[in-house]
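In: I'd like to go over a predicted model; first the sequence, then the structure.
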Amino acid sequence: MAEYDNDLLDSFPRGNHLVMCYPGGSSRRFNVEPNHAAMIAAGRLAEDAICEALRKASEMQPQRTPITLGQKKAWEKLATEFGNALCPLQHASARDLAEAGVKAMQAEADKLMSHPAVVDAGEKFMLTCELTKEKKWQLKQQYLKSATS
C-alpha cells in the first residue's frame with residue numbers, strides 16, 4: 001500500500017454524508033439524516049454570519065431602558081475607558097441569541113437565493129412540502145371520517 005492511498009483515505013463508510021469543499025480545505029459530516037442535510041449545509045455556509053450576529057446580539061447593553069442623558073454619558077465613558085476589555089453587564093437572552101442566529105441564516109439564504117438554480121431547487125422543495133402537507137391533511141381527514149363512521 002502506498003503512503004497515501006486515495007481509495008483508502010477518501011472512501012466513505014455506508015450511510016449518507018455531507019461534504020463541503022472550500023479554498024484550502026474541506027468539511028465532512030458523516031451519517032447525516034437526509035432530511036437535515038439542507039439545514040446542516042445552510043448552517044455551515046452561514047456559520048461566520050451566525051457567529052457575528054450572535055456576537056453583536058450579546059454585546060454589552062444597559063439592563064434597564066430608557067436611560068437618562070447623564071446615565072448615557074456615564075455609560076459611554078465606561079465603554080470608552082474599558083474598551084475591548086469591557087465585559088457584558090447584561091447578556092442577551094437565549095431567545096435573542098437564537099433570533100440573531102436565525103436572522104443571519106435568513107440573510108445568507110437570501111444571498112444564495114439570488115442564483116437561479118437555487119431558486120428553482122427552493123421552489124421544488126416548497127412544492128414538495130406543500131404536497132406532503134396536503135397529503136397528510138387528506139389522510140387525517142380520511143382517518144377521522146372512518147373513525148366516526
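Out: Yes, it's here.

In: can I get stretch 43-57 in PDB, CA atoms only?
Out: Extracted in PDB, the C-alpha atoms of stretch 43-57 (Å, rounded to 0.1, in the frame of the first residue of the first chain):
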ATOM      1  CA  GLY A  43     -25.800  26.400   8.800                       C
ATOM      2  CA  ARG A  44     -22.200  25.600   7.600                       C
ATOM      3  CA  LEU A  45     -22.500  28.300   4.900                       C
ATOM      4  CA  ALA A  46     -23.800  30.800   7.300                       C
ATOM      5  CA  GLU A  47     -21.500  29.900  10.200                       C
ATOM      6  CA  ASP A  48     -19.500  33.100  10.100                       C
ATOM      7  CA  ALA A  49     -22.500  35.300   9.700                       C
ATOM      8  CA  ILE A  50     -24.300  33.500  12.600                       C
ATOM      9  CA  CYS A  51     -21.200  33.900  14.900                       C
ATOM     10  CA  GLU A  52     -21.100  37.700  14.000                       C
ATOM     11  CA  ALA A  53     -24.800  38.100  14.600                       C
ATOM     12  CA  LEU A  54     -24.600  36.200  18.000                       C
ATOM     13  CA  ARG A  55     -21.600  38.300  19.000                       C
ATOM     14  CA  LYS A  56     -23.400  41.600  18.200                       C
ATOM     15  CA  ALA A  57     -26.600  40.400  19.900                       C
END
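
In: show residues contacting that stretch.
Out: 20, 27, 92, 96-97, 99-101, 103-105, 107-109, 112 (C-beta atoms under 8 Å, 6 or more residues apart in numbering). (C-beta placed from N, C-alpha, C; glycine too.)

In: stretch 116-127 now?
Out: Ala38, Leu112, Met113.

In: who's in contact with the first one?
Out: So the one you mean is Ala38. Taking C-beta under 8 Å, 6+ apart as the criterion, Ala38 is in contact with Phe125.

In: pretty sure it belongs to a helix, no?
Out: Yes: Ala38 sits within a helix when classified using DSSP: H, G, I helix; E, B strand; the rest coil.

In: separation between it and Leu18?
Out: 10 Å (C-beta to C-beta, to the nearest Å).
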